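Undergrad: Could you work out the structure for the sequence below:
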Amino acid sequence: MKSSLVKCAVLLLCLSLADSLPLSAKKKPSTSDAASIEQKRAVHALNRLAFGPRPSDVQQVTAMGVDHWIDLQLHPEKIADGGLEPRLAAFRTLHMSSKEMVDEFPDQRVIREVMDGKKSMPSEPARRAVFQVQIARMQEKKEKKGAAKLAPASSQPTIETAKNAQEPAMSADGAGDATSTAKTEEELAAAANAETNGNAANSMTPAADVPSNSETKVSDDAEAVRREERLYTDLAVQGLVDLPPDQRFKKVMAMSAEEQLAFADSLRGGRGQEFLSGLDSKQKETLLAMNNPQGVIADELIQAKLLRAIYSERQLEEVMTDFWFNHFNVFLNKGADRVLLTDYEQNVIRPRAMGKFEDLLVATAKSPAMLFYLDNWLSVGPNSMQALGVPAHPGFRGPRRFPRQNPNANEKRRRSGLNENYGRELLELHTLSVNGGYSQRDVTEVAKVFTGWTIEKPFEGGGFRFDSRVHEPGPKFVLGKKIKPNGEGEGREVLHRLATSPQTAHFISLKLAQRFVSDDPPLALVDRMSKTFERKKGDIREVLSTLFHSQEFWAEGAYRAKVKTPLEFVVSAVRASGADVGDAMPLARQLGNMGMPLYGAQPPTGYSMKSETWVSSAALLNRMNFALALTGGKVRGVKIDARQLADSSLSSDPDLLLSTMETKLLTSGVSRQTHDSIIAQLETPKTESSQDADQDRKIADKTRPPDANTVAGLLLGSPEFQRR
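TA: Okay, here's the model as predicted:
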């Protein structure tokens, strides 16, 4: 709702939230009522160990006992979670290997190889259709480029200019063309990095075929023809919507490549979602892949994360999976990581989220997703066999090869030499912290240790491998200690030393305390957690147990002391409202609007957990707008009935209605300022002669029931709900 009434309420609530003191600190604590205290503990636990309570969660946790619920959450294997799986069943990519994803959802490189005849066209109809549409799209882009270069010319182009106009259209992205030689993996990496810089937008957007300014300079006649073709196909789509799902799909499979291209474009809006309704998982994926093959992988990964956070009974496991992914951040839109990230989160992070920190550290170090993201797979030791040109086979008696003295730009890009990205982030972000006592020399030595930790065919979904030919020989010196030559074992030794370092214990404990207690947690708590970390050899579950059973965690000042991140806010709002999510992508787009696209943090630091990052008038207005849209049924794919949160017998009295909904949405933990502010919005009519004023009068009209949707939205946007 965008009425002047609601805008006024938003500003009042935003000003309240901007106050630096926790709301609970402004009120005297409850009396000796044991039931009230236990209920408040349940709310606190659900806001910290979970993504917020659902309508009946507080009562259930209070009934079973808060301590017992916490113990269960620390052991997720004891919690049945059968209700989640049906919601994830449609996402086939969650059960695919990275290699299978590459085969079914090809990137531009693979598509171009098929177009150029270097690989055969798939025979299976669905996969073939995906390739046909992508090839048609590439050819269309190539035609636009050619037209853009030739159209402005005032005279007949020379042979040389014509040649220059054609070549970039074939090989500008470095992925190969019909006349080029096969590219090495290093060249493909350079192309992928270039692609990353040009495609930083989150993959939840449609296919990345947006033309540049020069590409749009085609003739008006040609554009008119294309518009007519798109319109014709859109009308055809509308005609197909009424057919049974299987017949709909068969009709699309029978189209020509040009028709399928137009059809894929038409699915981006209009009746696209309606067209997909009723199709099975593979059919949906095929049609969506016609538009953007690897976007299907990203969308399913994003939706799965949101659905798990909203519906999983193993809430602490979801919170910790999100915490560790952010700690060991990998950016979705960096080349091969589009197909590597699903395995990274599901098989590297999630199973170790509450295990031993060292196991998690080693698993992330060997993960193809991390190796690709921080470019360690390209790192070459300066004195390695490959750098010195030593033949691959020791028995070879031919002349020794040495690197060229003056390599050209492509050679430099291919042979990037020693890469310190992972070594630096390992010390600064993953273990010791920026103040962990290491030097630049330590960064360089650690980088040498991890030369050879690479990926087997990364663009084909390959796994980890150690390549001795690029590993830097000889001893290394890390943090004052000698690392003896031991190939891959050197990396394991360094990881062990870092995982068992007191600095690492303190840094990880500090970050956990910041996530679960406050932006500036008590040092005494961090010290106790650090001692547990060291004593229990990095057992994350034990460190969390120390945290959750601490006096500091349950202190009055910690209650609602943390401002929710956009992810926490959106998920908690959906959970609190009892909404049913049929399509999570609109929620994901809301997160993008709030500055937190899932898997979209480009720097290795990930997203900040601190309030200062997320508190601003513009950000809070966005949150209020989302809350009102959610409760007003205006978020596509999400069904909600706010009236179910209210007692119908009280619906004619604004004050009683608000009090009832406060109890259900916020367990009555609402300040008098917030309560009075919302009542004022419900009772005070406006005088503006506009559509907004009409809406205001409807809400204020005593002959009408108060708007339960608006009340719910204002409560979800309130300062109390913004905090956890």
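
Undergrad: can you list contacts of stretch 61-68?
TA: 35, 38, 39, 41, 42, 45, 46, 53, 69 (CB atoms under 8 Å, 6 or more residues apart in numbering). All C-beta atoms are positioned from the backbone trio N, CA, C, and that covers glycine.

Undergrad: what about 6 Å?
TA: By CB atoms under 6 Å, 6 or more residues apart in numbering, the surrounding residues in contact with stretch 61-68 are 38, 39, 41, 42, 45, 69.

Undergrad: Make sure I have this right: the third one is in a strand.
TA: No: with DSSP: H, G, I helix; E, B strand; the rest coil as the criterion, residue 41 is located in helix rather than a strand.

Undergrad: I'd like to know how far the closest residue to it other than its chain neighbours sits from residue 517.
TA: Spatial nearest neighbour of residue 41, chain neighbours left out: residue 66 (4.7 Å); criterion: CB to CB, 6 or more residues apart in numbering. Residue 66 sits at a distance of 16 Å from residue 517 (criterion: CB to CB, to the nearest Å).

Undergrad: Likewise for residue 321?
TA: 20 Å.

Undergrad: same question, residue 608
TA: Separation of residue 608 from residue 517 (CB to CB) stands at 16 Å.

Undergrad: now residue 616
TA: In terms of CB to CB, residue 616 sits 23 Å off from residue 517.

Undergrad: Between these two, which is the more surrounded one?
TA: Neighbours per residue, other CB atoms under 10 Å: of residue 616 and residue 517, the larger number sits with residue 517, 23 against 13.

Undergrad: OK, contacts around the more buried one?
TA: Contacts for residue 517 (CB under 6 Å, 6+ apart) come out as 553, 558.

Undergrad: pLDDT wise, what is it at?
TA: Looking at residue 517, its pLDDT stands at 96.

Undergrad: Repeat that for the one 4 residues further on.
TA: With respect to pLDDT, residue 521 scores 96.

Undergrad: For burial, what's the neighbour tally of it?
TA: Residues contacting residue 521 under the criterion other CB under 10 Å number 23.

Undergrad: so it makes contact with residue 511?
TA: No: taking contacts as CB atoms under 6 Å, residue 521 lies outside contact range of residue 511: 9.6 Å.

Undergrad: Which positions in the one helix or strand residue 61 maps to come out as buried?
TA: Using DSSP states H and E, residue 61 maps to helix 57-64. For helix 57-64, a neighbour-count test (16 or more other CB atoms under 10 Å) marks 57, 58, 61, 62 as buried.

Undergrad: got the residue ranges for the strands in the chain?
TA: With DSSP state E as the criterion, the chain has strands at 453-455, 464-466, 476-478, 481-483, 580-581, 638-639.

Undergrad: got the contact list for residue 73?
TA: Applying CB under 6 Å, 6+ apart to residue 73 gives the contacts 49, 316.

Undergrad: what distance separates stretch 35-53 from the centre of its chain?
TA: Distance, stretch centre to chain centre, for stretch 35-53: 27 Å (CA atoms, centre = their mean, to the nearest Å).

Undergrad: For that stretch, buried residues please.
TA: Buried residues in stretch 35-53 (16+ other CB under 10 Å): 38-53.

Undergrad: got CSV for the contacts of stretch 61-68, with distance to residue 284 and pLDDT too?
TA: Below are those laid out as CSV (distance: CB to CB, whole Å; pLDDT from 0 to 100):
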residue, distance to residue 284, pLDDT
38, 46, 87
39, 43, 88
41, 44, 93
42, 40, 94
45, 38, 96
69, 37, 97
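
Undergrad: For the residues you listed, which two are the farthest from each other?
TA: Maximum pairwise distance in those, criterion CB to CB, is 12.8 Å, between 39 and 69.

Undergrad: Can you check the pLDDT for the nearest residue to residue 655 once chain neighbours are set aside?
TA: Leaving aside its sequence neighbours, residue 655 sits nearest to residue 679 (CB to CB, 6+ apart; 6.1 Å). At residue 679, the predicted lDDT confidence score is 80.

Undergrad: give me the number of residues near residue 679?
TA: As a burial measure, residue 679 scores 17 neighbours (other CB under 10 Å).

Undergrad: Ok, residue 71 next?
TA: For residue 71, using other CB under 10 Å, the count is 14.

Undergrad: need the contact list for it.
TA: Residues in contact with residue 71 (CB under 6 Å, 6+ apart): none are found.

Undergrad: That one and residue 616: what is the separation?
TA: For residue 71, the distance to residue 616 equals 39 Å [CB to CB].

Undergrad: how about low-confidence regions in the stretch 201-350 of the chain?
TA: Within the stretch 201-350 of the chain, the ranges that satisfy pLDDT under 70 run 201-238, 268-271.

Undergrad: Helices of that one, start to end?
TA: Here the stretch 201-350 of the chain has its helices, by DSSP state H, counting those that start in this stretch, at 220-240, 245-253, 257-266, 272-276, 281-291, 293-311, 315-327, 337-343.

Undergrad: follow-up on the earlier one: okay, among the buried residues of stretch 35-53, which ones form the most distant pair?
TA: Greatest spatial distance among the buried residues of stretch 35-53 (CB to CB): 38 and 51, at 21.3 Å.

Undergrad: quick revisit: between the contacts of stretch 61-68, which is closest to residue 653?
TA: Nearest to residue 653 among these, counting by CB to CB, is residue 39 at 24.9 Å.

Undergrad: Relative to residue 658, how far out is that closest one?
TA: For residue 39, the distance to residue 658 - CB to CB - is 20 Å.

Undergrad: go on, residue 708?
TA: From residue 708 to residue 658 the distance is 10 Å (CB to CB).

Undergrad: Show me which of these two is the more surrounded one.
TA: Shown here are residue 708 and residue 658; by other CB under 10 Å, residue 658 has more neighbours (25 against 21).

Undergrad: quick one: that one and residue 669, what's the gap?
TA: Residue 658 sits 14 Å away from residue 669, going by CB to CB.

Undergrad: same thing with residue 476?
TA: In this view, residue 476 and residue 669 are 55 Å apart by CB to CB.

Undergrad: that older thread, the helices of the stretch 201-350 of the chain into TSV, with extra columns for distance to residue 121 and mean neighbour count?
TA: Shown next, in TSV, are the helices of the stretch 201-350 of the chain (distance: least, CB to CB, whole Å; neighbours: other CB atoms under 10 Å):
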stretch	distance to residue 121	mean neighbour count
helix 220-240	23	13
helix 245-253	15	17
helix 257-266	11	21
helix 272-276	25	17
helix 281-291	15	21
helix 293-311	15	23
helix 315-327	37	22
helix 337-343	21	25
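
Undergrad: Quick check, pLDDT for residue 432.
TA: In this prediction, residue 432 carries a pLDDT score of 98.

Undergrad: Can you report how many residues neighbour it?
TA: Counted by other CB under 10 Å, the residues lying close to residue 432 total 21.

Undergrad: Do I have it right that it meets residue 500?
TA: No: assessed by CB under 6 Å, residue 432 is found out of contact with residue 500, at 11.7 Å.
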